[in-house]
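Participant: sequence-free structure coming up:
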Ligand code: CAA
């Protein structure tokens, strides 16, 4: 596989790196400590074309490759993991399915402004009692006249408190041996669509999530995304792309942790020399760098396959599994290199450590990634 970057891919990586290092990273600690939504960064990400990187230009996007998206995601996440996942949800979990499965009207009215960063999207699959076992959701959509009536709740909805639209998955047929789901777009302000206050979490404090509720919420059939009964496939295909986004977020967190620990190890002295000169430290740095490169190769491979239009469920799951678990190991070692200062909120190591942990959970836990990888390998 050829991993040479095109001129366009190098340009978006460099633009994202410059923006992230100059305008995002200096605010990352303050965003984490205050837990505020980084509105000015979200708006600038839209202006720079980061909210719909791989959506065609005539639909408001950047018209670039999935690899370009992965590169930008790594840079933004290295600056601030919260900003990374806000971008990832808008790109992968909202714009991508509306682009792939939406109607021309949905693309014109909803996708285009969302890919331009003028509106924000979120993705409603998880429920209080169904996370990993996504099919068993309790939310229902019942046909009524020429539309649908939705009832249910979705939780951990990243971007939910600020999003203008949600793509939501509901059961539309429970009569047969297999439950059938359908996807819908719902606009904020639609009667019966409400949300509660944002969640309090271990990390990614700036990326607000919440529970959303549908109470006799009427949605026109024109807002259905994909065929009636095809919703679960829409969700799964979307997550194949989303997992590339989260793997890239994990790369960004890992790189930031590695760079901070490497710099510190050259300054901090013990036993008369910079601690980088002790093998105990330099071997940790070697392992961290090797794991980061391995994770990046897996992520780029999945991105390239998506760009080639090849089914990439296994490769996306492998990238997300490895990159997220590597991020936890890398940020753990980085904190150790900082010693006592690593445990202090004055330094970034503890934030990287907390932010890394979620990448092993959302968009499918590590255990779900192993199920996907094993099932695909064993079936054939
Ligand atoms: N693409 C297209 N179709 C797919 C597919 C894919 N990647 N994966 C499965 N399907 C199809 C299957 O072919 C099957 O079709 P048929 O009914 O026609 O045979 C159907 O979907 C059901 O597939 P399975 O039998 O494999 O389904 P399952 O119930 O065993 O579940 C699972 C599979 C992999 C465990 C799935 O439930 C899963 O991925 N769970 C994790 C959910 C998840 O990742 N949630 C994340 C929420 S979003 C989030 O986290 C956002 C955020 O905050 C950032």
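Facilitator: Looks like it came in fine. Nothing here was measured: the structure is a model prediction, and the numbers come from that model.
Participant: hey, let's count contacts and neighbours off CA atoms from now on
Facilitator: Will do.
Participant: I'd like the next helix or strand past the top helix by length along the chain.
Facilitator: In the chain, assigned by DSSP state H, the helix with the most residues is helix 231-267. Following helix 231-267 in sequence order, the next helix or strand is strand 269-270 (DSSP states H and E).
Participant: can you give me the end-to-end distance of stretch 54-61?
Facilitator: Using C-alpha to C-alpha, to the nearest Å, the end-to-end distance of stretch 54-61 comes to 6 Å.
Participant: which bits of the protein sit near the ligand?
Facilitator: 89, 125-126, 131-135, 156-158, 232-233, 236-237, 240, 313, 362-364, 368, 372 (C-alpha under 6 Å from any ligand atom).
Participant: Buried ones among the residues you listed?
Facilitator: Buried by 16 or more other C-alpha atoms under 10 Å: 89, 125-126, 131-132, 134-135, 156-158, 232, 237, 240, 313, 362-364, 368, 372, out of those.
Participant: Which ones among those residues map onto helices?
Facilitator: Per DSSP H, these map to helices at 232, 237, 240, 313, 368, 372.
Participant: which pair in the residues you listed spans the largest distance?
Facilitator: 232 and 368 (15.7 Å; C-alpha to C-alpha).
Participant: low-scoring stretches of the chain, by residue?
Facilitator: Along the chain, the model assigns pLDDT under 70 to residues 380.
Participant: Please enumerate the helices of it.
Facilitator: 7-19, 25-34, 39-47, 66-79, 81-88, 96-101, 104-106, 112-115, 231-267, 279-307, 313-338, 349-358, 366-378.
Participant: Adding distance to residue 148, write the ones you listed out as a markdown table.
Facilitator: Listed next are the helices of the chain as a markdown table, based on distance: least, C-alpha to C-alpha, whole Å:
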| stretch | distance to residue 148 |
| --- | --- |
| helix 7-19 | 41 |
| helix 25-34 | 39 |
| helix 39-47 | 32 |
| helix 66-79 | 34 |
| helix 81-88 | 29 |
| helix 96-101 | 18 |
| helix 104-106 | 17 |
| helix 112-115 | 24 |
| helix 231-267 | 14 |
| helix 279-307 | 33 |
| helix 313-338 | 31 |
| helix 349-358 | 34 |
| helix 366-378 | 31 |
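Participant: measure residue 33 to the ligand for me?
Facilitator: 20 Å (C-alpha to the nearest ligand atom, to the nearest Å).
Participant: For the nearest residue to that residue once chain neighbours are set aside, give me its contacts.
Facilitator: Residue nearest to residue 33 in three dimensions, not counting chain neighbours: residue 205, with 7.6 Å by C-alpha to C-alpha, 6 or more residues apart in numbering. By C-alpha atoms under 8 Å, 6 or more residues apart in numbering, residue 205 lies in contact with 31, 32, 33, 34, 35, 36, 82.
Participant: Now for the fifth one: which residues touch it?
Facilitator: It refers to residue 35. If you count contacts by C-alpha under 8 Å, 6+ apart, residue 35 has them with 205, 206.
Participant: What of the last one?
Facilitator: For residue 82, the residues meeting the contact criterion (C-alpha under 8 Å, 6+ apart) are 204, 205, 206, 207.
Participant: For residue 83, see how far away the residue nearest to residue 33 is.
Facilitator: On the measure of C-alpha to C-alpha, residue 205 and residue 83 end up 10 Å apart.
Participant: And residue 285, by the same measure?
Facilitator: 26 Å.
Participant: Out of the two, name the residue with the larger neighbour count.
Facilitator: Legend: neighbour count by other C-alpha atoms under 10 Å for residue 285 and residue 83, higher for residue 83 (28 against 22).
Participant: Now do the contacts for that one.
Facilitator: 38, 41, 42, 76, 77, 206, 207.
Participant: ok, back up a step: drop anything exposed from the contacts of residue 205.
Facilitator: 31, 32, 35, 82.
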